[in-house]
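> Any chance you could fold what I've pasted below:
(one chain, ligands or ions: 2)
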Amino acid sequence: MSDCVFCEIVAGRVRAFRVLEDECAVAFLDIRPAAPGHTLVVPRVHARDIWDISDDSHAGVASLTRRVALLLKDVFEPDGVNVRLNSGAAAGQDVFHFHAHVIPRRHDDGLRLTWSSPLAPVAELEQAMRRITERRE
Ligand code: AMP
Ligand code: ZN
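Ligands and ions are numbered 1, 2, ... in the order given. Next comes the predicted model:
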């Protein structure tokens, strides 16, 4: 028995409504859906977050996420879809087993998952770019 609920779901020891699965990842309905069809896609191998997951496992989650998005489009005929990854408590992560949220959207659904920040001054973007470039090279 793991103390990670998503590992327990992957192993079939905790009930979940499984939407799709393959050798790398499992997709199941979120029990607190932001919209009908809201699905989580998790790797079979435990990884905490975007920084912890392997490239292969991440690629597997991305591939199943796209299949889920296509399936949900067929079923719910949404106007759009959000694919969302939260890593770290500050970003809203509550369950520390990497997962992608796939959330079907409607024009008038009232969900607030976007932002409308003002245009940044170029100097601010340049400063961020300097910090990134220093570390990249
Ligand atoms: P996050 O806040 O990104 O960590 O998202 C965690 C999500 O997992 C939330 O939307 C929860 O509703 C969902 N969740 C937690 N436990 C379960 C569970 N046993 N089965 C399905 N979804 C779950
Ligand atoms: Zn886990």
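> Mind listing the residues bridging to the residue nearest to the spatial centre of the chain?
Closest to where the C-alpha atoms of the chain average out (Cα atoms, centre = their mean) is A100, at 1.8 Å. Beta-bridge pairing for A100 (DSSP bridges): V41, L85.
> So which residues of the chain form helices?
With helices called from DSSP state H, the chain shows them at 5-11, 55-76, 122-136.
> ok so, going back, quick one, what contacts the residue nearest to the centre of the chain?
Going by Cβ atoms under 8 Å, 6 or more residues apart in numbering, A100 touches 40-42, 61-62, 65, 83-85. Quick note: C-beta positions are derived from backbone N, CA and C, even for glycine.
> closest to F76 among those residues?
V83 (14.8 Å; Cβ to Cβ).
> quick one: contacts for the closest one?
Neighbours of V83 in contact, by Cβ under 8 Å, 6+ apart: 65, 69, 100-103.
> pLDDT and distance to D56 added to those residues, as TSV?
Formatted as TSV, the contacts of V83 follow (pLDDT from 0 to 100; distance: Cβ to Cβ, whole Å):
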residue	pLDDT	distance to D56
T65	98	15
A69	98	21
A100	98	16
H101	98	21
V102	98	20
I103	98	25
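> can you list the residues of the protein near ligand 2?
Contacts of the chain with ligand 2, taken as Cβ under 5 Å from the ion, map to 4, 6-7, 46, 97.
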